[in-house]
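> just to be clear, the model below is a prediction. Sequence and coordinates:
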Amino acid sequence: MTAFGKLVRSTAFRLTLVYLVVFALYAAALLAYFALNTGRLITEQITETVDTEIAGLAEQYTIGGLRQLILIVENRALRPGSSLYLVTAPTGQSLAGNVGSLAPGVIDKSGWSETVYRRLEEQDAAEHYALVRVVQLTGGFRLLVGRDLDERSRIGAIITTAARGSIALVVVLGLAGGFFVTRRVLRRFDAMTATTQRIMAGDLAERLPVTGTGDELDRLATNLNDMLERIEALMRGLKEVSDNIAHDLKTPLTRLRNRSEAALRTAKTEGEYRGALESMLDESDGLIRTFDALLMIARAESGQARDNMVEFDAADIVHGVGELYEPVAEEKGLTLRVEAGGPAKIRGNRELLSQALANLTDNAIKYAAPVDGLAEGAPGEIVLSVRPERSRVRIVVADRGPGIPEEERVRAVERFVRLPHGMAQPGSGLGLSLAAAVARLHGGELTLEDNAPGLRVVISLPGIA
Ligand SMILES: Nc1ncnc2c1ncn2[C@@H]1O[C@H](COP(=O)(O)OP(=O)(O)O)[C@@H](O)[C@H]1O
Ligand SMILES: [Mg+2]
């Protein structure tokens, strides 16, 4: 498309054209109204003048007879810029006045009419128009008085010229303005289009130009830029996650492969094969658990899980998880205590919240147990508590283990992150991520605190009265 074609096809230019037509019509209507009223005013003036003159002349005729009338008419007809006068005899013969010729039949018809005429003294062929009134006098005489209509047509001509000029001006100025405005708008849109094309070509770091005037295009560009920012962040996150997943799943898969290879190479007896298969089964179970955790995080983060939220008492799930993990804790020489004070009503997804709480309790048991079994001092205590606090509900899992140093706390919640001190324990580094995602899903948050000594994980959720 040519530059001109693009200009003409733009919305801005079409809008300009619409405005132009509206303005031109408006100007034309205004002038037409003006012309009509001026014409009417002139006609009114003429009829008034003619009426007064006829009344005066008729009175003279009544008082002084035909002679007197003719005298006055002759007199008036000589004055410069005078009206038209004609007095005729019953035969139709002209007796006095300044009219040379009239349209045929005008003098025979009483009342008002418009006619072409020529003055007596004028010899040129030009015909003029006049508005005349004819009255019948006693004795069959007729009197005609009229005024020239030149003035009216002159004003008409002036108005027509003005109309043509002003409409032409409106069109020229409108088109010029339209081109100017459209070109400016087009240039900005072109810049935006070019940028979006570069972005689509893969450069997600590009941003749309913002002029800083704060107009609607700027607002649009700013919004789109914010959107791009968000998309870029999401893409980055996605890439990180998929990198992590690829990396963290590769290790167990490689182990699985190596074990089967080793078994094939070295195992001789059925017992050895069985042992190899069992360890591979364990490895596969671990993989499945990792996938389950990933899927659950995805479900919590997609917000889909928001659809089946119900109201329940958070103490229920805390008791449930406590009962489930008590034997495991005891086996490791730990005590597990549940503290629930008062009803803590929340609205949420039971399954996900239970899983999050289970992950935290599992962590506490895994990482807080004394390394060398029961021998070292008093057994650590794990406390699961739930407490309504103003408009929120706090669910806390606290242990007396090594805790997490403050500078590691943010990182520990990230996906697949396992800290050095826990490497001996089985795990995939997704437990805290899932708990945090579940907290976010419920409009709450997860924080890691110092339990001096130990770790205190707090899930704070919005409660309901
Ligand atoms: N209660 C805890 N005490 C000490 N360290 C912990 C505790 N909970 C979690 N951590 C640390 O945070 C890391 C991440 O935890 P998590 O996301 O549950 O993954 P995983 O348990 O699979 O390793 C763990 O590897 C561990 O190092
Ligand atoms: Mg864990």
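Structure's in. What do you need? Ligands and ions are numbered 1, 2, ... in the order given.
> for this structure, what lies in contact range of ligand 2?
Within the chain, the residues that sit near ligand 2 (C-beta under 5 Å from the ion) are 363, 427, 431. Any C-beta I mention is one placed from the backbone N, CA and C, and that applies to glycine too.
> residues in contact with the closest residue to the second one other than its chain neighbours?
Pointing back at G427 there. Closest residue to G427 apart from its sequence neighbours, by C-beta to C-beta, 6 or more residues apart in numbering: R418 at 6.1 Å. Taking C-beta atoms under 8 Å, 6 or more residues apart in numbering, we find R418 in contact with 427-429.
> which among those residues are in contact with ligand 1?
Filtering the contacts of R418 for proximity to ligand 1 (criterion: C-beta under 6 Å from any ligand atom) leaves 427-429.
> and stretch 453-465, anywhere near ligand 1?
Yes. Among the residues of stretch 453-465, L455 lie within reach of ligand 1 under C-beta under 6 Å from any ligand atom.
> I should have written stretch 293-311 there, sorry.
No. Counting by C-beta under 6 Å from any ligand atom, ligand 1 has no neighbours in stretch 293-311; the shortest distance is 8.5 Å.
> what comes up buried for that stretch?
The neighbour-count check on stretch 293-311 (16 or more other C-beta atoms under 10 Å) flags 293-294, 296-297, 299-301, 305, 309 as buried.
> can you give me the helices in the chain?
Counting by DSSP state H, the segments of the chain that form helices are 3-9, 11-78, 150-200, 216-266, 270-302, 314-331, 350-368, 409-412, 431-441.
> orientation of the third one relative to helix 11-78 in degrees?
I take that to be helix 150-200. Compare the direction of helix 150-200 with that of helix 11-78 by axes from the mean of the first three to the mean of the last three C-alpha atoms, to 10 degrees and you get 170 degrees.
> who does helix 150-200 touch, helix- and strand-wise?
Taking 3 or more C-beta pairs under 8 Å, 6 or more residues apart in numbering; DSSP states H and E as the contact definition, the neighbouring helices and strands of helix 150-200 are helix 3-9, helix 11-78, strand 128-136, helix 216-266.
> next one: the fourth one
Identification of packing neighbours for helix 216-266 by 3+ C-beta pairs under 8 Å, 6+ apart yields helix 150-200, helix 270-302.
> turn those into a markdown table, including mean pLDDT.
As requested, these are arranged in a markdown table below (pLDDT from 0 to 100):
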| stretch | mean pLDDT |
| --- | --- |
| helix 150-200 | 89 |
| helix 270-302 | 90 |
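> can you tell which of the ones you listed is closest to D243?
Shortest separation from D243 across the helices and strands packed on helix 216-266 is recorded for helix 270-302, at 13.6 Å, computed as C-beta to C-beta.
> report the angle between the closest one and helix 350-368.
Using the same axes, to 10 degrees, the interaxial angle of helix 270-302 with respect to helix 350-368 works out to 120 degrees.
> how far does helix 270-302 sit from its chain's centre?
Counting by C-alpha atoms, centre = their mean, to the nearest Å, helix 270-302 is centred 49 Å from the centre of its parent chain.
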